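Participant: Could you look at this predicted model? Sequence included:
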There are 6 protein chains.
Amino acid sequence: MGSGNNTERVKTGIDGLDELIEGGLTKNTVTLISGPPGSGKTIFCNQFLYKGIEEGDTCLFLTLDKKVDSIIAQAKKIGFNFQSAIEKGQIKFLFLNINKKLVYDDMTKEILSGEYNRVVLDSITPLSEMPIYVKNMEISNDSNFIDPADFSPDSSTSPVRLHLHYIMNVLDTAKCTSVITSELPLGSSDLSRDGISEFLVDGIILLKLDSTMDRRKLSVMKMRSTKHSLKPQDIKIGEGGIQLI
Amino acid sequence: MGSGNNTERVKTGIDGLDELIEGGLTKNTVTLISGPPGSGKTIFCNQFLYKGIEEGDTCLFLTLDKKVDSIIAQAKKIGFNFQSAIEKGQIKFLFLNINKKLVYDDMTKEILSGEYNRVVLDSITPLSEMPIYVKNMEISNDSNFIDPADFSPDSSTSPVRLHLHYIMNVLDTAKCTSVITSELPLGSSDLSRDGISEFLVDGIILLKLDSTMDRRKLSVMKMRSTKHSLKPQDIKIGEGGIQLI
Amino acid sequence: MGSGNNTERVKTGIDGLDELIEGGLTKNTVTLISGPPGSGKTIFCNQFLYKGIEEGDTCLFLTLDKKVDSIIAQAKKIGFNFQSAIEKGQIKFLFLNINKKLVYDDMTKEILSGEYNRVVLDSITPLSEMPIYVKNMEISNDSNFIDPADFSPDSSTSPVRLHLHYIMNVLDTAKCTSVITSELPLGSSDLSRDGISEFLVDGIILLKLDSTMDRRKLSVMKMRSTKHSLKPQDIKIGEGGIQLI
Amino acid sequence: MGSGNNTERVKTGIDGLDELIEGGLTKNTVTLISGPPGSGKTIFCNQFLYKGIEEGDTCLFLTLDKKVDSIIAQAKKIGFNFQSAIEKGQIKFLFLNINKKLVYDDMTKEILSGEYNRVVLDSITPLSEMPIYVKNMEISNDSNFIDPADFSPDSSTSPVRLHLHYIMNVLDTAKCTSVITSELPLGSSDLSRDGISEFLVDGIILLKLDSTMDRRKLSVMKMRSTKHSLKPQDIKIGEGGIQLI
Amino acid sequence: MGSGNNTERVKTGIDGLDELIEGGLTKNTVTLISGPPGSGKTIFCNQFLYKGIEEGDTCLFLTLDKKVDSIIAQAKKIGFNFQSAIEKGQIKFLFLNINKKLVYDDMTKEILSGEYNRVVLDSITPLSEMPIYVKNMEISNDSNFIDPADFSPDSSTSPVRLHLHYIMNVLDTAKCTSVITSELPLGSSDLSRDGISEFLVDGIILLKLDSTMDRRKLSVMKMRSTKHSLKPQDIKIGEGGIQLI
Amino acid sequence: MGSGNNTERVKTGIDGLDELIEGGLTKNTVTLISGPPGSGKTIFCNQFLYKGIEEGDTCLFLTLDKKVDSIIAQAKKIGFNFQSAIEKGQIKFLFLNINKKLVYDDMTKEILSGEYNRVVLDSITPLSEMPIYVKNMEISNDSNFIDPADFSPDSSTSPVRLHLHYIMNVLDTAKCTSVITSELPLGSSDLSRDGISEFLVDGIILLKLDSTMDRRKLSVMKMRSTKHSLKPQDIKIGEGGIQLI
C-alpha cells in the first residue's frame, strides 16, 4: 500500500512528519493526537492550521478552553501568527462551553456551515465525559449524512461512545481534514483517555514525554491507507513548533 | 489431532497463516480477531472476504462504522477491489447502527436470509457494551435453531454475556464461517475487550504492535480441532494485505 | 499422607498425571480445571469422561455451549469417539441454557437422578455470574443431603458464593467424581474467574499457555488427601488428548 | 520482650513453629492463618486441635464447609484421628450455614456455652462477606462482655468490619485460644481477603505456595507479646501434618 | 530551618528518633504513624505515652479495640507499666465504640475536657470509614475554635474527609501533642489507608516490615518545621519498645 | 521559543528555578504544584508569596487548613516573616471552609475584589472532590468574564471538572499570577490527584521524594510559552525555603 496511489494528502506542517506518512494526513479523515500535558498537543494543532493558512485552506479551531486570546497569543509566540488570517476570515477560533446545553448545536452548526478544509477539536475529552445524554440533536434530514435516529432518546449505548460517534459523524459529514486531541494521564499506556476514540479515527499520533531523559517522542500508531513506521521519533519543540530530529 | 482428518477448511487468504492452521479456518466456525487500533484487524477481515470472492463464496461485511464507502475504498487501496463483486451481489457491506433499537433485527435478518458463506462482524465491541437489554428478539420458532426463550425478559444474566451468546447463536445458526473483531486497548494482556467472547469462539487470532521495535505480530491463541503453534509470528502489512514473514 | 492409604482413585486418563496424584482424582470429590481459552480445559473434560467410558462408568457432560454436536465432533477428532457410548446411554451430553429460569432445576434433576459416576460441568463461570437469585430451589427434604433452607429468599450472602455453594452441594449429594472448569482471563494470576470456587473444591488443576515459548503447562495446585508436587508440568495436546512430557 | 515473662502458651503442635514463637500461641488470643487454596490452612487447624486433644483441651471446629465427615476423614488420613475424641465429647465439629439467618446465633451459643479451650473458625471469609446486616444479635446483658449496642440497627459502619468485630468479641468473651482462617487469592500480597481482620487479631501466620519451585512457606507476620522472626520458613506437608524444615 | 529556633519539642521516647527530628515531635501538632499489622504502631503509641508519664504529662489513649486490659498488659510486658499512672489519674485508656451513635461525642468530650498533654488515637481507620454522616455534632459555640457549621447536614464533601477534618479540629482545639495511627495494607505504597489523612497532619512516620530480610524500618516522611532525613532507619522491637539501630 | 520575546515574568523566589523558566512564571497564568505530603508544596507557596511581598505585589493565600496561625508561624520559621506585610495589608491569609455552602462565594469575592497580583490556593484537592454541585454561583453579568451560564443547574458535566473549570475561570478573571497545589498520593505517577487539573493550567511543577536515597526533586513538566528542560532537578529544603542544587 502507499506507493503509486493517488490519495490526496494534507500537510501537517511538521518537518519530517509529512515525509513519514506519504506526504501528510489523508484528506477528509480524522486524526487523533494523544498525549500528556505539556507534550505539545495544542502546538501540533496550531502548526497544522498554520500550514493550512499557508496553503489557502479555511480553518476552524474548536477549543474547550475559555481563554481563546491566550491560545492565539501563545501560537504567535511560537511563530504562528494568525492575526491577519483571523481578520480575513480564513481562520476562526471558537470556544465550546461544555456547561451549555447547546454545546453540540454550536459545534455542529459551525463545522457544517463553515465549509472548512481543516478543523481542530482541542480536546475531545471533556465532551466525551458529559454524563447526561443530550436529546434531539437533529442535524440534517438527509439520511445519507447524519441520521437523527442515531441519537434518539431510546438509545441504549454508553454515553461516551455515543458522544464520540456523534462527533465523528459531524466531522465526516463536513468533508474536512480534522485533528482531535485526547488528554492522556502521564503514566497511561492507552491511546486515548476514553479508550474508545482510538478505534473510531483514521489516524493516531502519540506524543510522549520522558522527563528523566528530557526527551520528547512522536509515534504514528495508526494511519489508514498509509505505510508508516511505528517507531517513536525524537522531536523538539521550539520556535516554529514541533520538529523531528 | 489434525493429521489425516477431513475437517473442511476455509482459507484466510493470508500468506503463511493458512499453512499454520492446517489449511485455514474450520468451516462454519467463529474466529475472533483481537488487537489494538492499527494492528490490522479490518485488513484481516477484508483479506478473508476477498479470498472468499476469489473462491466463489457469498460474503457479508457487517460494520459498526458508518463510513462504509471509506472502508471499501481503503480495501481497494491495499489491493482488495470489491467493486465488481458488490455489483454482482457476491458481497454486501452493511452498516449496523447501534443507536437503533432494531440493530439486532437488521443483523439477524441479513445473516440468516442471505445464505452467506463468509461473514465478518467488525467489531463486536460496541454491540457487547449495549447496556440495556433488547426484549422480544425472536428469530425462529424452530427450536433446533435459536431458542426465543434464550432472551426472555426474565433473563438474569449480565447483558454483555447475553449479547455475545445471542450473536454467537445467530452465526452458528447461519452455517457460515465467521470472523469477528474485538477492540483491544493498547496495553491490554487480555484476548478481547469484553473478557468473555474469547471463551465462546472456536478460534482466536491475536494481532499485536511493538512500537519501539516497529514490529507487528500475529499469534494463533486457539483453534479448535487444529494443531497449531502458539508462537507469535512476525507479519508485515502492505500491498496485498497481511503477510507472514 | 498418601502412602499406604486406601482412598479410592478415579483415573483422569491423562498420561503422566494419574501417576503424579497417587493414581487419579479422589473418588466422589470435585476438581476444578482452570485455564485461559485454548489451554485444553474442554479436552481435559472429554479425556476424563472417555476414560470413564473405558472403565464402565456412567458419565454426564454438562455444557453451557449450545453447540453440543460440535463438542462431540471435536472430541471424536482428537480421538474420543463417544458415539456408541451415547447410543448405549453410558454418557449424556446436556446443554444448560443460562437464559432459562429453570436452568438449576434441569441441572440438579439430571445430576441427582442419573446415578452418574463421573460428571463434568464446562464451565461454571456463566452460572456463577447469574446476577439475580433464583428462589425456591428445593431439591430434597432429606436434611442429610441438601438443605432447602440453604437457598431461602432471605439469604443475604453474595449471589456468586451462593451459586457456587449450591452447585457444590448438588455434586456432593450425587456421590459422583466431578470436574468443573473455570474461564480464566489470559493474564490472570488467580485460580478461578470468580475467585471463590478454588476454596470450595477438593482439587485444583491449572492449565497455562506460554505463547512466546509455544509451551503448555499443567500444575496441580491442590489435591486433598494427596501428596503431589506443585511444579508446572510440560504438556502437549494432540491425537489422544493431553499428555505430560 | 519475650524473655523472662510468664505469658501462658498454647502449643500449635507444628514441629519447629512453637520454638519460633516462645512456645506457642499466647493463651486466650486470636491468631489468623491466611493463605491461598492448597497452602495448608485446614491442616494447620486440625493439627492445632489435635495437639489440644493430646493436652486434654476441649476443642471446637467451626466450618463453613457442609462436608464435615469429609473434613474428619481427611484429618484422619494425614494422621489426626479425632474419632474417639468426638465420641468422648472432647471435640465438636460444627457446620455453620451462612444461608441461615441464625448463623451467628448458632456460632455464638456454641462458643460461649461450650467452655472450649481451643476454637477454630475455618474460614472467616464467607461470614465477613455477608452483605446484609443481621439485627438483634444480643448475647449478654453484661456490659463487661459483649455490648448489645455494638450491633444496633442504627450502626453506620461497613458490614465487613462489623462482622469481624462481632466475631472477635465473641471469641474474646469465650476466653479460648482461637485460630481463624482467611481465603487469600493466589497472587495476593495482602494478609487477609477482607483487608481488615489482620488488624483485629493478636497473631498472623501466612502460608504461601511457590509453584515454580514446588516450595511451601510459613511466615509469622505478627504475634503480640512475642519476639519472633518475620522470615518465611520452609515447610513440608505430609504424614503428621505441617513441619518446618 | 530547624537550627537556632525555639520550637518546643515533645520527646517520643524512642532511642535515636528524637535526635533525628530536632529533639522530638513539635508541641501541639498531630503526627500520623502508618504501618501494616505487626509493624509496631501500638508499641510506638505506648512508648510515646510512657515517655509522657515520665515527663509528668497527662495522657490519653483512645483505642478502637475493646480489649483495653489486654493493651495495658501488652504494654507492661514490653516494659511500659502504666498501672500506677492509671491509678494516679495521669493516664486514661478509653475504648471508642464505633457502633455507638455518640462515639464522636465521647471522644470529643474526653479530649476537650481532660486537659491532656499527649493524646493517642489508635487507629483512625475505622472512624474514617464510617459511611453515614453523624449530624448535630456541636462542640462549642466559640467560633474561634470548632465551627458547628463545619458539620451541617447540608455538607456536601465526602464522609472520609469530613471525619478526618473533624478529628483534626478536635485535636487542634485541645492544644495537645497527638499521635494517630493508620492501618496500612501490607503491600501498600500509600502513607495512610484513607489516602487523605497524610495531607492533614503535621508529621508522618512510616513503619515497614521486610519479611524476607526479617528487617523493620522507620521513615520520617514529613515533619513540619523540622529538618530531617527521609531515609528509612533500621529499628528493632523488644524489651523497652522500639529502638533505632 | 522563549528567546527574544517580551512575555512578562513573575519570579518564584526559588534560587535556580527562575533561571530554568526564562525568568519566572508567565504573568497572569495558573501554575500547578503537585506532590506528596512532605514534598514542599506549602513551602513553595510561601516562598512565591514572600518574593511577591519583596517586589511590592499584593498577595492572597487561600488555605483549606483551618490552622492559619500555624501556617504563618511555620513560614516564619523557615525564613518568611509575613507579619509586617499582614499588618500593612499587603498579604491576606484566608481559610476556606469546604463545609460551608458559600465557600465558593467567599473565595470568588476575595479573589475578584482584592486586586491581588499573586494568589495561592493550597490545595485544590478538597474543592475538586466536593460531590454535590453548588447552584446559582453568579459572579458577574459581564459575559466577557465569567459566564453565569457556565454553572447552570442543568449542567451535565462531572462535578470535578466543573469545580476546576470554575476555579480556573475565577483566577483568569482576576488577572493575577496564581499557584495552586494538588495532593498527590505517595506512589502516584499522575500529575494531579484529580487527573484533570493538569490539563487546565498553564504550568506544572512536580515535587517528588525519594525516601531511600533521601533526595528531593523538582521537575517542570509544562510551562506554556516557555522553553524548559523536563529533567528532574535536585532540590534541598531548609532555611530560606526551596533551593536547586
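Facilitator: The structure has been received and is ready for your questions.

Participant: drop to CA atoms for contacts and neighbour counts, all remaining ones
Facilitator: Noted.

Participant: Show me the strands in chain A, by range?
Facilitator: A:9-10, A:25-26, A:30-35, A:59-63, A:91-95, A:118-122, A:177-183, A:203-210, A:215-223, A:233-238, A:241-244 (DSSP state E).

Participant: And for the third one, what's in contact with it?
Facilitator: Just to be clear, that refers to strand A:30-35. A:25, A:41, A:168, A:171-172, A:177-186, A:191-192, A:197-198, A:201-208 (Cα atoms under 8 Å, 6 or more residues apart in numbering or on different chains).

Participant: are any of those residues buried, and which?
Facilitator: A:25, A:41, A:168, A:171-172, A:177-186, A:191-192, A:197-198, A:201-208 (16 or more other Cα atoms under 10 Å in any protein chain shown).

Participant: Grab the nearest non-local neighbour of the residue in chain A that chain C sits nearest to.
Facilitator: Minimum separation of chain A from chain C (Cα to the nearest Cα) falls at A:S189, amounting to 16.7 Å. Nearest residue to A:S189, sequence neighbours excluded (Cα to Cα, 6 or more residues apart in numbering or on different chains): B:G187, at 5.8 Å.

Participant: Pass me the low-pLDDT residue ranges in chain A, would you?
Facilitator: Residue ranges of chain A with pLDDT under 70: A:1-6, A:101, A:131-158.

Participant: which residues in it form helices?
Facilitator: Ranges of helices within chain A are A:17-20, A:41-54, A:68-77, A:83-88, A:103-113, A:125-128, A:159-173, based on DSSP state H.

Participant: So stretch A:37-55, near chain F or not?
Facilitator: Yes. For stretch A:37-55, a contact with chain F is found by Cα under 8 Å from any Cα of the partner chain, at A:P37, A:G38.

Participant: Just give me the neighbour total for A:R224.
Facilitator: If you count neighbours by other Cα atoms under 10 Å in any protein chain shown, A:R224 ends up with 21.

Participant: who's in contact with it?
Facilitator: A:T26, A:D202, A:G203, B:G38, B:Q74.

Participant: Try it again at 10 Å.
Facilitator: Counting by Cα atoms under 10 Å, 6 or more residues apart in numbering or on different chains, A:R224 touches A:1-2, A:21, A:25-26, A:29, A:31, A:201-204, B:38, B:40, B:71, B:74.

Participant: returning to that earlier point: just checking, the residue nearest to A:S189 touches B:P36?
Facilitator: Yes. Using Cα atoms under 10 Å, B:G187 makes contact with B:P36 at a distance of 8.3 Å.

Participant: what touches both of those two?
Facilitator: The contact sets of B:G187 and B:P36 overlap at A:D190, A:L191, B:K208, B:L209 (Cα under 10 Å, 6+ apart).

Participant: Can you add distance to chain F and give these back as TSV?
Facilitator: What follows is the shared contacts of B:G187 and B:P36, written out as TSV (distance: Cα to the nearest Cα, whole Å):
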residue	distance to chain F
A:D190	14
A:L191	16
B:K208	26
B:L209	24
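
Participant: still on that earlier bit, neighbour-wise, which of B:G187 and B:P36 wins?
Facilitator: B:P36 (26 against 13).

Participant: Now do the same contact list for the more buried one.
Facilitator: A:190-191, A:198-199, A:221-222, B:182-188, B:192-193, B:206-209.

Participant: A:G16 too?
Facilitator: By Cα under 10 Å, 6+ apart, the neighbours of A:G16 are A:G23, A:Q233, A:I235, A:I242, A:Q243, A:L244, A:I245.

Participant: redo that, cut-off 6 Å
Facilitator: When contacts are counted by Cα atoms under 6 Å, 6 or more residues apart in numbering or on different chains, A:G16 is found next to A:L244.

Participant: measure it to A:T181 for me?
Facilitator: 20 Å (Cα to Cα, to the nearest Å).

Participant: now do A:R118
Facilitator: According to Cα to Cα, A:R118 and A:T181 sit 14 Å apart.

Participant: got it, and A:S229?
Facilitator: Distance of A:S229 to A:T181, computed by Cα to Cα: 21 Å.

Participant: Who is the residue lying closest to A:C45 once chain neighbours are set aside paired with across the strands?
Facilitator: Closest residue to A:C45 apart from its sequence neighbours, by Cα to Cα, 6+ apart: A:V120 at 6.4 Å. Listed beta-bridge partners, A:V120: A:F61, A:V179 (assigned using DSSP bridges).

Participant: How many residues are close by A:V120?
Facilitator: 26.

Participant: How about the contacts made by it?
Facilitator: A:V120 touches A:F61, A:L62, A:S178, A:V179, A:I180, counting by Cα under 6 Å, 6+ apart.

Participant: Go again with 8 Å.
Facilitator: A:C45, A:L49, A:L60, A:F61, A:L62, A:S178, A:V179, A:I180.

Participant: so the third one makes contact with A:F95?
Facilitator: To tie it back to what came earlier, the one meant is A:L60. No. Using Cα atoms under 8 Å as the test, A:L60 is too far from A:F95 to be in contact (10.8 Å).

Participant: higher neighbour count, the two?
Facilitator: Higher neighbour count among A:L60 and A:F95: A:L60, with 23 against 18, using other Cα under 10 Å.

Participant: How much space separates the more buried one from A:T12?
Facilitator: Going from A:L60 to A:T12 by Cα to Cα gives 15 Å.

Participant: Check A:T181 too.
Facilitator: 14 Å.

Participant: Chain F versus A:Q90, what's the distance?
Facilitator: Distance of A:Q90 to chain F, given as Cα to the nearest Cα, to the nearest Å: 24 Å.

Participant: ok, and the closest non-adjacent residue to that residue?
Facilitator: Here the residue nearest A:Q90, using Cα to Cα, 6+ apart, is A:T58, at 5.0 Å.

Participant: List the contacts of the one you found.
Facilitator: A:G52, A:Q90, A:I91, A:E115, A:Y116, A:N117, A:R118.

Participant: now do A:N46
Facilitator: Applying Cα under 8 Å, 6+ apart, we find A:N46 in contact with A:A75, A:F80.

Participant: Mind doing that once more with 10 Å?
Facilitator: So A:N46 contacts A:12-13, A:40, A:52, A:61, A:71-72, A:74-76, A:78-82, A:120, A:241 (Cα under 10 Å, 6+ apart).

Participant: what about it, distance to D:L62?
Facilitator: Remark: distance between A:N46 and D:L62 (Cα to Cα) = 70 Å.

Participant: can you check A:N97 too?
Facilitator: 62 Å.

Participant: How about A:L184?
Facilitator: 51 Å.

Participant: Kindly report the same for A:S225.
Facilitator: 67 Å.

Participant: likewise A:T42?
Facilitator: Remark: distance between A:T42 and D:L62 (Cα to Cα) = 64 Å.

Participant: Run the contact check for stretch A:164-178 versus chain F.
Facilitator: No. Stretch A:164-178 does not reach chain F (Cα under 10 Å from any Cα of the partner chain); its nearest approach is 15.2 Å.

Participant: Quickly check: that stretch near chain B or not.
Facilitator: Yes. Applying Cα under 10 Å from any Cα, one finds stretch A:164-178 touching chain B at A:H165, A:M168, A:N169, A:D172, A:T173.

Participant: would you list those residues in a markdown table and tack on distance to E:D105?
Facilitator: Shown next, in a markdown table, are those (distance: Cα to Cα, whole Å):
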| residue | distance to E:D105 |
| --- | --- |
| A:H165 | 54 |
| A:M168 | 57 |
| A:N169 | 59 |
| A:D172 | 63 |
| A:T173 | 64 |
